[in-house]
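# Fold the following for me, if possible:
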Amino acid sequence: MTNKKIAFVIHSLGRGGAEKVVSELSIYWQKKGYELTIIVFDNEIGYPIAGRLINLNLPSGFGFIERGLILLRRAWQLKKVYQKNKFDLIIAVMETASFPSILANHQTVASNHCNPDLYFSKAEWKIASYLFPKTKKVVCVSQVAMQAFKNKLTNSIGLITIYNPVDFERLNFYAKQTAKIKLEGKYIIAVGRLEQQKRLDRLIQAYADSKLKYEAKLLILGEGSLRNKLQEQIKNLNLLEQVLMPGNIENPHPNIAGAEFLALSSDHEGFPMVLIEALAIGKPVISTDCATGPNEIIQHGHNGLLVPVENTLALRDALDELYFNKALHQYLSINAAASVAHLSIDAIAANWEALAWRG
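Purely as a prediction, here's the structure:
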């Protein structure tokens, strides 16, 4: 069926896990012959996309009243786009898109990419309890996120979990390119926004307390509001030569491929793409066992290591264990790619298509 018309609705395409999913699926579906449209409210583009881009130019407002008016304006503009285009599948990604899209068209599939227990305000729960029962399906990014909705929303809604996909062929192509950041010697890597959620301060402290710091550098790829604070921490710990923060780069995968392993130290996540992508190119991972996602990706002792969220000492010990225990490192590396094979873009896209053509 190559005449199907699919629309994504998302606030913007800035760098993030949900945005990466839109990028991957749009490219995949265009190759299959589907007609893709991506509708955004803010014209920030951080990933390659396929298909037609429509920018409604309705960025988020400030204050309760202004946000409410923006919601209604978005719904009105979306309704006009939907009436004109007659899409076969509408996927609205995150609540900034799903709420107005459901108002515009009840055939919207609402795609949630967070743990609502952590992210939803009281107002958002009230809106969700009203709108989600009216929509075609609510797709959750993890089993934990789906359970949160079941616990909070008493009205009958169609809930399903579809994990984030990986295009293994494209990923391995990108991983084999020349690394943008050149490092001498061994290193470990973290990739993420320099924001409080990611708790890179915890990772830096664990690294500072480790034996690993004498053997390998720590490369942190990402940008954000905490750059100055993190740089001050690095300076105070006398790690200016060992911890490097060069910012965002377009293709981090060659640097992930060249690292000993990848570490994630977040307080909370949705379904972290960076863990999946590292495993897919054969790299073991260490992650905090935060809600949601990591413990649905990592099988502790099989493809990576999980540590308690608040335990910096446990993170330190995991860094040393995975680096110095060569047998463990080899075992986790061997299992890495196969452990995420079920997240191939072919399998995940088929789940989405089932919602559209048969669901």
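# can I see the domain layout of the chain?
Domains of the chain are assigned by automatic domain parsing as 5-165+344-358, 168-342.
# lowest-confidence stretch among those?
Least confidently modelled of the domains of the chain is domain 5-165+344-358, at a mean of 91 by mean pLDDT.
# Dump the lengthiest helix in the chain to PDB, restricted to CA.
Secondary structure of the chain read by DSSP state H shows that its longest helix is helix 64-85. The C-alpha trace of helix 64-85 is given here as PDB (Å, rounded to 0.1, in the frame of the first residue of the first chain):
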ATOM      1  CA  PHE A  64      -2.200  29.600  31.900                       C
ATOM      2  CA  ILE A  65      -4.500  31.800  29.800                       C
ATOM      3  CA  GLU A  66      -2.000  32.200  26.900                       C
ATOM      4  CA  ARG A  67      -1.300  28.500  26.800                       C
ATOM      5  CA  GLY A  68      -5.000  27.700  26.700                       C
ATOM      6  CA  LEU A  69      -5.400  30.100  23.800                       C
ATOM      7  CA  ILE A  70      -2.400  28.600  22.000                       C
ATOM      8  CA  LEU A  71      -4.000  25.100  22.400                       C
ATOM      9  CA  LEU A  72      -7.200  26.300  20.800                       C
ATOM     10  CA  ARG A  73      -5.400  28.000  17.900                       C
ATOM     11  CA  ARG A  74      -3.300  24.900  17.300                       C
ATOM     12  CA  ALA A  75      -6.400  22.800  17.200                       C
ATOM     13  CA  TRP A  76      -8.100  25.200  14.700                       C
ATOM     14  CA  GLN A  77      -5.100  25.300  12.400                       C
ATOM     15  CA  LEU A  78      -4.700  21.500  12.600                       C
ATOM     16  CA  LYS A  79      -8.300  20.900  11.800                       C
ATOM     17  CA  LYS A  80      -7.900  23.000   8.600                       C
ATOM     18  CA  VAL A  81      -4.800  21.000   7.600                       C
ATOM     19  CA  TYR A  82      -6.600  17.700   8.300                       C
ATOM     20  CA  GLN A  83      -9.700  18.600   6.300                       C
ATOM     21  CA  LYS A  84      -7.600  19.500   3.300                       C
ATOM     22  CA  ASN A  85      -5.300  16.500   3.300                       C
END
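# Mind listing residues that contact it?
With CB atoms under 8 Å, 6 or more residues apart in numbering as the test, helix 64-85 has contacts from 5, 7, 9, 37, 39, 41, 54, 56, 58-61, 90, 97, 99-101, 103-105, 123. C-betas here are computed from N, CA, C, even on glycine.
# can you tell me which of these are in helices?
Going by DSSP H, the helices hold A97, F99, P100, S101, L103, A104, A123 from these.
# Give me the buried entries from these.
Neighbour-count burial (16 or more other CB atoms under 10 Å) is assigned, among those, to A97, F99, P100, S101, L103, A104.
# Okay, the third one and N351: tell me how far apart.
I take that to be P100. Distance of P100 to N351, computed by CB to CB, to the nearest Å: 25 Å.
# Burial check on L240, number of neighbours?
As a burial measure, L240 scores 10 neighbours (other CB atoms under 10 Å).
# The residue nearest to it when sequence neighbours are not counted - how many residues pack around it?
In space, and not counting its chain neighbours, L240 is closest to I234: 6.1 Å by CB to CB, 6 or more residues apart in numbering. Applying other CB under 10 Å, we find 22 residues neighbouring I234.
# any idea which element I234 lies in?
helix 227-236 (DSSP states H and E).
# now that helix, how far from the chain's geometric center?
Relative to the chain's own centre, helix 227-236 is displaced by 25 Å; criterion: CA atoms, centre = their mean, to the nearest Å.
# One more: stretch 182-192?
Distance of stretch 182-192 from the chain centroid (CA atoms, centre = their mean) equals 21 Å.
# Only alpha carbons, please: show the helix holding I234 as PDB.
Presented in PDB, the C-alpha positions along helix 227-236 are these (Å, rounded to 0.1, in the frame of the first residue of the first chain):
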ATOM      1  CA  ARG A 227      27.200  24.100  30.800                       C
ATOM      2  CA  ASN A 228      28.800  26.700  33.000                       C
ATOM      3  CA  LYS A 229      27.900  24.900  36.300                       C
ATOM      4  CA  LEU A 230      29.300  21.600  35.000                       C
ATOM      5  CA  GLN A 231      32.500  23.300  33.700                       C
ATOM      6  CA  GLU A 232      32.900  24.800  37.200                       C
ATOM      7  CA  GLN A 233      32.500  21.300  38.700                       C
ATOM      8  CA  ILE A 234      35.000  19.900  36.400                       C
ATOM      9  CA  LYS A 235      37.500  22.600  37.200                       C
ATOM     10  CA  ASN A 236      37.000  22.200  41.000                       C
END
